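*Asks:* Return a 3D structure for these sequence lines:
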Amino acid sequence: MEIRYFYDRGEENVIDLGIFDPRGSEFLVARGFRGWSGNAKDKVIISESWATPGYLPGPIYLGTWHVILGLYKIGRPCHYRVEIDLLREEIGTPSAGQDWETAASPDIREGWLKGDLHCHTVHSDAFGTVGEVWAAARKRGLDFLAVTDHNTVSHFPEIREINRDGGLVIPGEEITTYRGHANVWGLWEWVEFRCTSSEEVEEVCKIVHAKGGLFSINHPKRGGPAWEFSYEVDADCVEVWQSFWPLNNAQSLDIWHTLIAQGKRIIAVGGSDAHPFCLKGKMVEWLGYPTTWVRVEKADTAGVLEGLRRGRVSISACPYGPFLEINFLGGEHLFYQGDTATWSQGRIRVYTRSAAGYELFLFSRQGYFAKRRVGSDPWIWEEEIDLAQHGYVGAELRVPLALGNFEVAAIANPIWYKPWLEKGEKGEG
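*Replies:* Modelled structure (predicted):
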């Protein structure tokens, strides 16, 4: 079948498009999801063997199909029309187009892996197949990539094929609502996006967690678009750094600092939110700006997800650094980022690479409490600390600018003092 829609387009009017088949379109339990394209495509095809990217091929079931029109923005009177044709001829798979450089398998090992947790492909509103985007990520030196197309899972078959060949592409979906966006990582099935309230978002979170996935609030800043739901939802992560730092990311970072100071254990992550586009026959993208580093015990999708879940995460401006890691030495125990320490007295250890001349800031529930200039490359610095006094300790690297301004270059998630964190989780902070 071919579905076309028309409306009075313009900056004031934006209408999105999605399709559900007769198996059901109910909230949370819709088995009939067949695709979503936002406002990126005005014509889509669904057949048994092929579908427009963003949509799922499969049986053309007998019964009532539902065309979903999402009223993203209606600023003036808007006329619309939907046309549906049942096609009798066989639909062939369109040519893949230009051949792109094949992505080499990453040199994967345990330890720190670097990747991008947020990007898009032709399956939503960008240019390039999953394979082409993965090839670009590998060329930039990334070890893993999460592909998070908007409200769809039509990119999953390509991810499976790449991973069978040794790739490390994480299945993702960007839940794109009209009150905020969130990434879901690690599930191989479609996740509901038609949320209009914080209560509905919380229901989605529960389903994601029950199935072993992670939920991350995206770009909660001006122009993000912002997150208008409650921050009390049970999110695992928050995207404090989306694309290039000057794009209002200080607002997202401030929100994260406020949340963790209240005793909410939520992991800071970054993502390029790259929407590759074609310019003179070449793909233009900014994958890895910023880069999220994850300390893993096993270098596969499950290992990356577990590293994220445990908070063993740092963020850098790009794949080339600067790299920032912190540890806490309490008694004879070594605690990594994201760990909850029961020891109070100990030494905080900071390690950096490619950061000479940058300024290191340590932060806790009391705010920023220590500052040092990185004097060499690599650089290690230790200091005695009372973790109970601070509740948690994390770190940032900054580039000093004129007039007392700065630009963040790296962020290390904190190490937590367990008794303080448990008080915060009980609302006693």
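
*Asks:* which phi and psi does Gly394 have?
*Replies:* Main-chain torsions, Gly394, degrees, to the nearest 10: phi -130, psi -180.

*Asks:* Please read off the pLDDT at it from the model.
*Replies:* pLDDT for Gly394: 98.

*Asks:* Checking the closest residue to it other than its chain neighbours next. Helix, strand or coil?
*Replies:* Closest residue in space to Gly394, ignoring its immediate chain neighbours: Pro414 at 3.4 Å, by Cβ to Cβ, 6 or more residues apart in numbering. For glycine as for every other residue, the C-beta is placed from the backbone atoms N, C-alpha and C. Counting by DSSP: H, G, I helix; E, B strand; the rest coil, the backbone at Pro414 sits in strand.

*Asks:* quick one: secondary structure of Val133?
*Replies:* Under three-state DSSP, Val133 comes out as helix.

*Asks:* contacting residues for it?
*Replies:* Listed by Cβ atoms under 8 Å, 6 or more residues apart in numbering, the contact partners of Val133 are 119, 121, 145, 147, 274, 276, 285, 287.

*Asks:* Does the fourth one touch His155 like I think?
*Replies:* Yes: Val147 sits in contact with His155 when judged by Cβ atoms under 8 Å, with a separation of 5.5 Å.

*Asks:* thinking again about what came up before, looking at the contacts of Val133, state which has the most neighbours.
*Replies:* The residue in those with the most neighbours, by other Cβ atoms under 10 Å, is Leu145 (31 neighbours).

*Asks:* tell me which element the residue located most distally from the centre of the chain falls in.
*Replies:* Within the chain, the residue lying farthest from the chain centre (Cα atoms, centre = their mean) is Arg88, at 40.3 Å. Arg88 belongs to no helix or strand when elements are defined using DSSP states H and E.

*Asks:* before we move on, back to that, pLDDT score for the residue nearest to Gly394?
*Replies:* Reading off the model, Pro414 has pLDDT 98.

*Asks:* residues touching it, list them.
*Replies:* With contacts defined as Cβ under 8 Å, 6+ apart, the neighbours of Pro414 are 260, 311, 326, 337-338, 363-364, 392-394.

*Asks:* Derive a ChimeraX selection command for the buried subset of those residues.
*Replies:* Restricted to buried positions by 16 or more other Cβ atoms under 10 Å, the ChimeraX selection for these reads:
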select :260,311,326,337,338,363,364,392,393,394
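
*Asks:* picking that back up, what is in contact with Val147 and His155 at once?
*Replies:* Joint contacts of Val147 and His155 (Cβ under 8 Å, 6+ apart) are 121, 130.

*Asks:* State the distance from the residue farthest from the centre of the chain to Pro22.
*Replies:* 20 Å (Cβ to Cβ, to the nearest Å).

*Asks:* so where's the stretch 101-250 of the chain uncertain?
*Replies:* 101-110 (pLDDT under 70).

*Asks:* any idea where the strands of it begin and end?
*Replies:* 111-116, 144-150, 169-177, 180-185, 214-217, 237-242 (DSSP state E, counting those that start in this stretch).
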